[in-house]
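Chemist: can you look at this prediction? I've put the sequence above it.
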Amino acid sequence: MAKAIMIQGTMSNAGKSLLAAGLCRIFHQDGYRVAPFKSQNMALNSFITEEGLEMGRAQVMQAEAAGIKPSVLMNPVLLKPTNDTGSQVIVNGEVLGTMDAREYFAYKSQLFPEIMKAYQRLAEAYDIIVIEGAGSPAEINLKREDIVNMGMAKRAGAPVLLVGDIDRGGVFAQLVGTVTLLDEDERSMIKGLVINKFRGDKTILEPGVRMLEEIAGIPVVGVAPYLSIQVEDEDSLTERFSRHGEAGVIDLAVIRLPRISNFTDFNPFESMPGVTVRYAGSVRELGNPDMILLPGTKNTMEDLLWMRENGLEAAVLKAAAAGKVIFGICGGFQMLGELLSDPDHVEAGGTVRGMGLLPVDTVFAAGKTRTRVTGTFGKVDGVLSELSEIPVEGYEIHMGDTTGGNDVSSMTMIEDFVRQDGRKPDGAQRGNVYGTYIHGVFDREEVAKAVIRGLGRQKGVDTEHITGIDFQTFKESQYDILADALRKHMDMKKIYEILETGL
């Protein structure tokens, strides 16, 4: 059976996912078979495996760092918030149903057998399991029937590294307070403390580190630096949404929908020099970009009404009328159509008028499409005509079907990995407005480069110096940078000792 180590945090966004990915990479580099695991993930960024099963993207990122294919075993429970108090519950990659917070809290202990089955299968196949917790283990109102923090650590027999975020301030209080609120047996499971996201002169911090060790009675096994690396973010706490700066040669604006999902679709552009990717939640923030991107969303109809109320829909329509490129993915594609209908109350129910920029209608249904796809762009018109005939691959994950009349010009022809029902059309285009269901549509280097060349030609600027990258190769380099930084700033000898000794 595999040895296990668990990363818990003092709060959400303390850096658990990134540190877990870094440890996965280090163990992989050192020759071990390593896999990530998170019993319960809450995020709108999800991924579809080759088997057509849905899992959180954080564990996909960690699996990549570990040099293995992502498996739903790595994230047996995924919660996708539908509103402020309810979530779609996905177990072993399949939709179980939608529950409000109180209903799920009462139900979740029934999921532990499924969680442990998944964990045991991983533990039988790998040498090391790097487990990630969620939020904080010291949420005293939620500790009963815990399945993701100390409850999981106990079941797996995993020693814990507790991570605090110094960038937000108060890291000593975070760590000591968390340890203090734990039960005695839980405190004994914490074998190391980590101060994360540090910037500055470490010598100034060292007296505090020594006092922290004395007060908590637990060694500090690392002071990890603030890292500016590009790996996929898990959820809406991403710092991408708050970045501001001067627009690049090519300026892309993503509408920051209230229930935005799978915004990782736009990460390939961020690595291209001269290209900026901004997230806009208001007309003022939108400005005058070269392309407007409408991302996926967990609730298409309500997010469209939000755009209608705050003026963003009118701004998108004005930009489209001026010939600007508008590109929608998944829920964003649905919004661009003429009519959205929800007869079965999959979302809010009823019928909502779309933006009318594409000649398609969407009808929501209870069945969720979950599949990986491969194919090619068809004949693409307008500014993005260079996309024509380029191969494309990615995955679909959506509720509802989108159809149009015989005159609809599709974006791509794809083959479905799961249904294997032959080539079929996907998406739609009209003028400089484009829509597709394919997540990851920009991941291939030639696709991203063709988009930027088309935008540059429309704008009248030279984009030849804007080089593309193989995004998968680029991500591999980022995992190596992460591992190198952690080796330098973490006591890996001590961490290996903790791993070997266990509880």
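Modeler: Yes, it's here.
Chemist: quick check: which ranges of the stretch 101-250 of the chain have low pLDDT?
Modeler: By pLDDT under 70, the weakly predicted segments of the stretch 101-250 of the chain are 233-245.
Chemist: mind redoing it with 80?
Modeler: 144, 232-247 (pLDDT under 80).
Chemist: quick one: the helices in it?
Modeler: Counting by DSSP state H, counting those that start in this stretch, the stretch 101-250 of the chain has helices at residues 101-107, 112-125, 150-156, 171-181, 184-187, 202-216.
Chemist: any chance of a markdown table for those, columns mean neighbour count?
Modeler: Glycine gets a C-beta too; all of them are placed from N, C-alpha and C. Output for these, formatted as a markdown table (neighbours: other Cβ atoms under 10 Å):
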| stretch | mean neighbour count |
| --- | --- |
| helix 101-107 | 14 |
| helix 112-125 | 16 |
| helix 150-156 | 21 |
| helix 171-181 | 19 |
| helix 184-187 | 14 |
| helix 202-216 | 13 |
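Chemist: and of these, who's closest to residue 83?
Modeler: helix 101-107 (10.1 Å; Cβ to Cβ).
Chemist: just list what the closest one packs against, helices and strands only.
Modeler: strand 86-91 (3 or more Cβ pairs under 8 Å, 6 or more residues apart in numbering; DSSP states H and E).
Chemist: adjacent strands (with direction) for the strand it packs on?
Modeler: strand 77-81 (antiparallel), strand 94-100 (antiparallel) (DSSP bridges).
Chemist: mean pLDDT, distance to residue 382 and mean neighbour count for those - can I get that in a markdown table?
Modeler: Listed next are those as a markdown table, based on pLDDT from 0 to 100; distance: least, Cβ to Cβ, whole Å; neighbours: other Cβ atoms under 10 Å:
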| stretch | mean pLDDT | distance to residue 382 | mean neighbour count |
| --- | --- | --- | --- |
| strand 77-81 | 93 | 34 | 23 |
| strand 94-100 | 93 | 37 | 15 |
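Chemist: redo the helices of the stretch 101-250 of the chain as CSV? Include distance to residue 453.
Modeler: Shown next, in CSV, are these (distance: least, Cβ to Cβ, whole Å):
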stretch, distance to residue 453
helix 101-107, 47
helix 112-125, 43
helix 150-156, 48
helix 171-181, 46
helix 184-187, 56
helix 202-216, 45
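Chemist: I'd like to know which of these lies nearest to residue 33.
Modeler: Here helix 112-125 is closest among those (Cβ to Cβ), at 7.4 Å.
Chemist: still on that earlier bit, of all the strands paired with strand 86-91, which lies closest to residue 357?
Modeler: Nearest of the strands paired with strand 86-91 to residue 357, taken as Cβ to Cβ: strand 77-81 at 27.0 Å.
Chemist: one step back: so for residue 341, which of the helices of the stretch 101-250 of the chain sits nearest?
Modeler: helix 101-107 (27.5 Å).
Chemist: got the CA coordinates for that closest one in CSV?
Modeler: The C-alpha trace of helix 101-107 is given here as CSV (Å, rounded to 0.1, in the frame of the first residue of the first chain):
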residue,chain,number,x,y,z
ALA,A,101,-26.1,22.9,1.9
ARG,A,102,-28.1,21.5,4.9
GLU,A,103,-29.2,18.5,2.9
TYR,A,104,-25.7,17.7,1.8
PHE,A,105,-24.2,18.2,5.2
ALA,A,106,-26.6,15.5,6.6
TYR,A,107,-25.9,13.2,3.6
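Chemist: mind checking how far it is from the chain centre?
Modeler: Its chain's C-alpha centre and that of helix 101-107 lie 24 Å apart, by Cα atoms, centre = their mean, to the nearest Å.
Chemist: before we move on, what about stretch 376-388?
Modeler: Counting by Cα atoms, centre = their mean, stretch 376-388 is centred 28 Å from the centre of its parent chain.
Chemist: quick check: buried residues in it?
Modeler: 376-378, 380, 382-384, 386-387 (16 or more other Cβ atoms under 10 Å).
Chemist: any idea which helix or strand carries residue 485?
Modeler: helix 471-489 (DSSP states H and E).
Chemist: restricting to C-alpha, output that helix in PDB.
Modeler: Taking Å, rounded to 0.1, in the frame of the first residue of the first chain, the C-alpha atoms of helix 471-489 are listed here in PDB:
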ATOM      1  CA  PHE A 471       0.700  24.400 -24.100                       C
ATOM      2  CA  GLN A 472       1.300  21.000 -22.700                       C
ATOM      3  CA  THR A 473       5.100  21.400 -23.000                       C
ATOM      4  CA  PHE A 474       4.800  24.800 -21.400                       C
ATOM      5  CA  LYS A 475       2.900  23.400 -18.500                       C
ATOM      6  CA  GLU A 476       5.500  20.700 -18.000                       C
ATOM      7  CA  SER A 477       8.200  23.400 -17.700                       C
ATOM      8  CA  GLN A 478       6.000  25.200 -15.100                       C
ATOM      9  CA  TYR A 479       5.800  22.100 -12.900                       C
ATOM     10  CA  ASP A 480       9.600  21.700 -13.000                       C
ATOM     11  CA  ILE A 481      10.000  25.400 -12.000                       C
ATOM     12  CA  LEU A 482       7.600  24.700  -9.100                       C
ATOM     13  CA  ALA A 483       9.500  21.600  -8.000                       C
ATOM     14  CA  ASP A 484      12.800  23.400  -8.100                       C
ATOM     15  CA  ALA A 485      11.500  26.300  -6.000                       C
ATOM     16  CA  LEU A 486      10.100  23.900  -3.300                       C
ATOM     17  CA  ARG A 487      13.200  21.900  -3.200                       C
ATOM     18  CA  LYS A 488      15.100  25.100  -2.500                       C
ATOM     19  CA  HIS A 489      12.800  26.400   0.200                       C
END
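Chemist: report the angle between it and helix 202-216.
Modeler: 70 degrees (axes from the mean of the first three to the mean of the last three Cα atoms, to 10 degrees).
Chemist: in helix 471-489, what counts as buried?
Modeler: 471, 475, 478-479, 481-483, 485-486, 489.
Chemist: for residue 389, give me its contacts.
Modeler: Neighbouring residues of residue 389 by Cβ atoms under 8 Å, 6 or more residues apart in numbering: 376-379.
Chemist: and the pLDDT at it?
Modeler: On pLDDT, residue 389 comes in at 96.
Chemist: rewinding a little: of all the contacts of residue 389, which comes closest to residue 83?
Modeler: The nearest member of the contacts of residue 389 to residue 83, counting by Cβ to Cβ, is residue 377 at 35.8 Å.
Chemist: please report the distance of the closest residue to that closest one other than its chain neighbours from residue 442.
Modeler: In space, and not counting its chain neighbours, residue 377 is closest to residue 387: 4.5 Å by Cβ to Cβ, 6 or more residues apart in numbering. From residue 387 across to residue 442, the span is 10 Å (Cβ to Cβ, to the nearest Å).
Chemist: give me the common contacts of these two.
Modeler: Listed as contacting both residue 387 and residue 442 by Cβ under 8 Å, 6+ apart are residue 451.
Chemist: related to what we said a few turns ago, so the helix or strand that comes right after the helix holding residue 485 versus helix 471-489, what angle?
Modeler: The element immediately downstream of helix 471-489 (helix or strand, assigned by DSSP H and E) is helix 492-501. For helix 492-501 against helix 471-489, the angle by the same axes, to 10 degrees is 100 degrees.
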